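1. please find the sequence and the predicted model below.
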Amino acid sequence: MMRGRQSQKGGDSSINIQAHGDITFGLTYDQTRQVAMDTFKVNFVEFQNEAFELVLRRAEELVNSFLEEARKEGWAQIPEGKNPDFQYALYSAQRDYARSGDEDLRELLVQLLVDRAKIQDRDLAQIVLNESLAVAPKLTPGQLDWLSLIFVLKYASFSEVSDLHSLYKAFDAFIRPFLAGASWKESAYQHLEYAGAATHNAVKIEAHVLLTRNYPGLFRMGLTELDLEEVGLSEEARSALIVPSQRNPTLHQVNAATPGEIDSLCQRFGLGTDEAEKLKNLQRRRPVPAAELRAELIAALPWMAQLFELWDSTPIPNLTLTSVGMAIAHANIKKRTGRDFDLSIWI
């Protein structure tokens, strides 16, 4: 794709990169630390003696943690460092961590700050992340775990999943860590709504429905020759796109775990959107019955029994994450697992 002519110019303590226009990075690491601490001292209510020393130490701990994560991102300087809006976001994070001293909260706020520092235009994502920095301190670790569980089950899918073995591995990495701390109390769910992280709706989506929707290629009983004739694939395309069913070798299945994989395969073989839609329809046919699916998952991952029990006996299936809830869940997942989803997919 051809783009219009671009030019650059920058002043002291700045570097430039080519994008749709000029982007000037902000402050150095030392400048960011100094500005953050000066802002904190001016704005935070001064406590007496030891208490004030404690909050100052906590405020600096948060800044240092943020700068450490910034180095991992490979930033030469801090994006948005000179922006008053980001400076206020950094101060707010310092203030909330200084009040509680909760290390888990500090790590979560740092992840949100990293996401916020990446966004230089005032758009919805920037507004959402600013709000997330204000909401996250109002939530308990158990509520954060539920946000993460809902995010993984309802909104995310894993590109590396190609079969049941890789799916079980992903579940162990991205569901199990958040299950033990999840709260059973109804007040916890009500507070998620009050804080603006989730909304309650009348439609309850069962766990097995989410799994068959997000990974339709892995939870199907198999396709017949008559099913395949509806698509009309060439021999070359069929050899790549259709494989024997994992559940019944006499039947067939689409060689893709998710609809996104079908799009990629169709592009590779020059198939159009009509063929892709037909394959996606095939991929959704004949789902594994709910009881059989549950038994299969619990046999492979015994801890899934607790997930199904929680899903059946709490209001969590009725919760929909707000954009703020998604941003907080995204940061919590990255903090706990190291996995960095592309937040722009959802916000």
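-> Alright, I've got the coordinates.
2. would you mark the buried spots in whichever strand or helix holds C266?
-> Taking DSSP states H and E as the definition, C266 sits inside helix 259-268. When burial is assessed from 16 or more other C-beta atoms under 10 Å, helix 259-268 yields the following buried residues: 259, 261-263, 265-266. C-betas here are computed from N, CA, C, even on glycine.
3. for stretch 77-89, same thing?
-> Quick answer for stretch 77-89 (16+ other C-beta under 10 Å): 77-83, 86-87, 89.
4. give me the residues contacting the stretch of helix or strand V110 belongs to.
-> Per DSSP H and E, V110 falls inside helix 103-117. Here helix 103-117 makes contact (C-beta atoms under 8 Å, 6 or more residues apart in numbering) with 58, 61-62, 65-66, 69-70, 73, 75, 78-81, 86, 89-90, 93, 96-97, 126, 129-130, 132-133, 136-137, 141, 144, 327-328, 330-332, 334-335, 343.
5. quick one: buried ones out of those residues?
-> 58, 61-62, 65-66, 69-70, 75, 78-81, 86, 89-90, 93, 96-97, 126, 129-130, 132-133, 136-137, 144, 327-328, 330-332, 334-335, 343.
6. among those residues, name the ones in helices.
-> Mapping the buried ones among the contacts of helix 103-117 onto helices (DSSP state H) picks out 58, 61-62, 65-66, 69-70, 86, 89-90, 93, 96-97, 126, 129-130, 132-133, 144, 327-328, 330-332, 334-335.
7. what's around the closest residue in space to G325 that isn't next to it in sequence, how many residues?
-> Excluding the flanking residues, the one nearest G325 by C-beta to C-beta, 6 or more residues apart in numbering is A197, at 3.7 Å. For A197, the count of nearby residues is 29 (other C-beta atoms under 10 Å).
8. tell me where the chain has strands.
-> Assigned by DSSP state E, the strands in the chain fall at 16-18, 22-24, 198-200, 242-244, 252-254, 319-321.
9. direction included, what does the fourth one pair against?
-> Just to be clear, that refers to strand 242-244. In the sheet, strand 242-244 lines up against strand 252-254 (antiparallel) (DSSP bridges).
10. same check, this time on the third one
-> If you go by DSSP bridges, strand 198-200 pairs up with strand 319-321 (antiparallel).
11. next, the buried residues of the strand it pairs with.
-> By 16+ other C-beta under 10 Å, the buried positions in strand 319-321 come out as 319, 321.
12. quick one: contacts of that strand?
-> Contacts to strand 319-321, defined as C-beta under 8 Å, 6+ apart, come from residues 146-147, 150-151, 154-155, 189, 192-193, 197-201, 329.
13. ok, 6 Å please
-> Here strand 319-321 makes contact (C-beta atoms under 6 Å, 6 or more residues apart in numbering) with 150, 198-199, 201.
14. and stretch 287-304, by the same measure?
-> Applying C-beta under 6 Å, 6+ apart, the contact partners of stretch 287-304 are 168, 176, 208, 212, 219, 305.
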